[in-house]
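Q: Sequence first, then the predicted structure:
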Amino acid sequence: MEKIKLGIMGTSDIAFRRFLPALLKQSEFKYTGVASRVYSNTEKFTKPYGGKGYNSYNELIEDSEVDAIYVPLPPALHYEWAMKALKRGKHVLLEKPFTIELQHTKEILDLARAKELTVHENYMFIYHSQLERIKEIVNDGLLGHVRLYRIAFGFPKREANDFRYDKKLGGGALLDCGGYPLRLAVNLLGCTTTVTASKLNYSPEFDVDLYGSATLENNEGQVAQVSFGMDNSYKCELEIWGSEGSLLATRIFTAGDEFEPTLILKIGNEEKTIQLAADDQFLGSINRFYCGINHSEVRRELYDEILCQARLIEKIRGSE
């Protein structure tokens, strides 16, 4: 079968350091090049990896040889360029968050359905093998009955000019780091997960939320408490508290492709460290995108996952 030709829209660091190296491992895709509003910026990609340097985002979209586009632009730009790409018949892989408004997400999904195109939100940690191992431990009953999922992701304040602190670019802790624990909560609790309480916290220094928390619950009564922030000490944890034991994963979201994560399992008074293998979660996400392109059932699953995430975020914003 002919390879799927994919271009990158934007020269962000995440595209250069994480996405493109993973893409080149996926034999079903062919990297075509990278687009920038400043052409010289494309040399960062084209010199080590080859491919074409596009003079503009529109030039990439108009390239008839390109089948799919990866968009790692600031969140406020996702809607505009995803819609343009879909109208030109391209599959679209968007960095998280998918968009900054529920209505924009719905419009993108409606267009993708109408054109039978795949869209995917790059919450790559979902595809790391450590999550499969965690679910095995829970399903095997080692923790007893799960009483609580506690999920936290936050990091220290970055430079003031970082897009995360700019409302016009789609900044804010909820949209940025908050999406991670929400996405994981749904993965663990299922599609009936709803928000029962939430709080976003602000500072006079910025016009976006800096940290927040929420409680979520599914139809079976299982509960997840999530917290997030971009003015916090670093935390990247999943803790599962059961009737017989507990499990802690300390790098649930940011395990790089060479990092070997560990799980801390406590049963009674005994504590055990479980060493896991390294895995490329970006490659896993790219593989999921590929499956969506080739299988309509997977494509529909991706639509549903994206809409569920957007609705949870909207619920938290609406409860401010």
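A: Yes, it's here.
Q: Nearest residue to the middle of the protein?
A: Nearest to the mean C-alpha position of the chain, by C-alpha atoms, centre = their mean, lies residue 123 at 2.0 Å.
Q: dump the residue contacts of that one.
A: 96, 179-180, 183, 285, 309 (C-beta atoms under 8 Å, 6 or more residues apart in numbering). Yep, even glycine has a C-beta here, placed from its N, CA and C like the rest.
Q: number of nearby residues for residue 142?
A: Residues within reach of residue 142, counting by other C-beta atoms under 10 Å, total 14.
Q: helix, strand or coil for it?
A: Following DSSP: H, G, I helix; E, B strand; the rest coil, we place residue 142 in the coil state.
Q: contacting residues for it?
A: By C-beta under 8 Å, 6+ apart, the contact set of residue 142 is 244-245, 265, 267.
Q: which one of the residues you listed sits closest to residue 89?
A: Closest approach between the contacts of residue 142 and residue 89, by C-beta to C-beta: residue 265, at 48.5 Å.
Q: Tell me how far the closest one lies from residue 248.
A: Note on residue 265: its distance to residue 248, by C-beta to C-beta, to the nearest Å, is 8 Å.
Q: Please apply the same query to residue 83.
A: For residue 83 relative to residue 248 (C-beta to C-beta), the value is 41 Å.
Q: what do you get for residue 110?
A: Taken as C-beta to C-beta, the span from residue 110 to residue 248 is 41 Å.
Q: And these two? Which one has more around it.
A: residue 248 (18 against 12).
Q: Now do the phi/psi pair for that one.
A: phi -130, psi 130 (degrees, to the nearest 10).
Q: Quick check: which element contains the nearest residue to it once chain neighbours are set aside?
A: Among residues not flanking residue 248 along the chain, residue 264 sits closest, at 4.3 Å (C-beta to C-beta, 6 or more residues apart in numbering). Per DSSP states H and E: residue 264 is located in strand 262-267.
Q: out of the contacts of residue 142, who's nearest residue 162?
A: residue 265 (36.6 Å).
Q: Neighbours of the nearest residue in space to the closest one that is not next to it in sequence, how many?
A: Using C-beta to C-beta, 6+ apart and skipping the chain neighbours, the partner closest in space to residue 265 is residue 272 (4.6 Å). Using other C-beta under 10 Å, the number of residues around residue 272 comes to 11.
Q: Residue 272 and residue 261, how far apart?
A: The gap separating residue 272 from residue 261 is 15 Å, by C-beta to C-beta.
Q: Give me the buried positions along the longest helix anywhere in the chain.
A: Longest helix of the chain, by residue count under DSSP state H: helix 296-318. Residues 298-299, 302-303, 305-306, 308-310, 312-313, 315-317 are the ones in helix 296-318 that count as buried (16 or more other C-beta atoms under 10 Å).
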